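S.K.: Generate a structure from the sequence data that follows.
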Amino acid sequence: MTSSSAAARKALSKIASNRLQKELVEWQVNPPAGFKHKVTDNLQRWVIEVTGAPGTLYANETYQLQVDFPEHYPMEAPQQVIFLHPAPLHPHIYSNGHICLDILYDSWSPAMTVSSICISILSMLSSSTVKQRPEDNDRYVKNCRNGRSPKETRWWFHDDKV
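M.R.: Predicted coordinates:
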């Protein structure tokens with residue numbers, strides 16, 4: 001996150017804080033399979049370890065997701081959900097960690113949780129038949145320099161096979 005976006009980030013509202021605390025407690029009691037929350041003292045940024053599902057291209061591979069929450073979560077989608085370096089090779093994951101997944105943007109619903117996001121991302125990884133970057137990876141990553149958030153992208157969700 002760039003210093004300008006960090007400065008622009010506002011503290012969580014009471015509703016967002018309560019919701020995230022509830023989700024965290026629920027996570028500790030019943031974590032989604034294949035995920036581990038890395039404990040920090042920052043409720044507004046979660047780092048989550050992801051382990052690829054058995055029998056998939058990503059079996060036993062471990063990656064890290066970073067989830068940043070906006071002031072008005074869950075009425076607003078997470079500020080960003082990205083893979084930290086190195087991001088998995090996947091047709092919907094850019095080398096800078098940005099993820100092309102509609103529930104993170106246009107299809108967000110306040111009924112979704114961090115657990116449901118994680119399960120969707122693991123499902124996306126598990127259904128892939130190839131390990132490769134998106135066709136426009138180099139152009140996209142070049143255009144994202146200077147800290148551009150994935151939320152600033154107009155995503156085109158056209159491939160539901162991967």
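S.K.: The closest residue to Q80 other than its chain neighbours: how many residues sit nearby?
M.R.: Excluding its sequence neighbours, the residue lying closest to Q80 (C-beta to C-beta, 6 or more residues apart in numbering) is D68, at 5.0 Å. (Glycine included, C-beta is placed from N, CA and C.) Residues lying near D68 (other C-beta atoms under 10 Å) number 19.
S.K.: just checking, D68 touches L43?
M.R.: No. Look at D68 against L43 with C-beta atoms under 8 Å: they stay out of range, at 10.9 Å.
S.K.: Just the CA coordinates for the helix or strand where A16 lies, please, in PDB.
M.R.: Per DSSP states H and E: A16 is located in helix 14-29. What follows is helix 14-29, C-alpha atoms only, in PDB (Å, rounded to 0.1, in the frame of the first residue of the first chain):
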ATOM      1  CA  LYS A  14     -18.200   0.800  14.800                       C
ATOM      2  CA  ILE A  15     -20.300  -1.500  12.600                       C
ATOM      3  CA  ALA A  16     -17.200  -2.600  10.600                       C
ATOM      4  CA  SER A  17     -15.200  -3.200  13.700                       C
ATOM      5  CA  ASN A  18     -17.900  -5.300  15.400                       C
ATOM      6  CA  ARG A  19     -18.400  -7.300  12.200                       C
ATOM      7  CA  LEU A  20     -14.700  -8.000  11.800                       C
ATOM      8  CA  GLN A  21     -14.300  -9.000  15.400                       C
ATOM      9  CA  LYS A  22     -17.300 -11.400  15.000                       C
ATOM     10  CA  GLU A  23     -15.800 -12.800  11.900                       C
ATOM     11  CA  LEU A  24     -12.400 -13.300  13.500                       C
ATOM     12  CA  VAL A  25     -13.900 -15.100  16.500                       C
ATOM     13  CA  GLU A  26     -15.900 -17.300  14.100                       C
ATOM     14  CA  TRP A  27     -12.700 -18.000  12.100                       C
ATOM     15  CA  GLN A  28     -10.800 -19.000  15.200                       C
ATOM     16  CA  VAL A  29     -13.600 -21.500  16.100                       C
END
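S.K.: Mind listing what's buried along it?
M.R.: The neighbour-count check on helix 14-29 (16 or more other C-beta atoms under 10 Å) flags 16-17, 19-20, 23, 27 as buried.
S.K.: what about R145, neighbour count?
M.R.: Neighbour count of R145, defined by other C-beta under 10 Å: 8.
S.K.: Distance check, it against N96.
M.R.: Distance, R145 to N96, by C-beta to C-beta, to the nearest Å: 9 Å.
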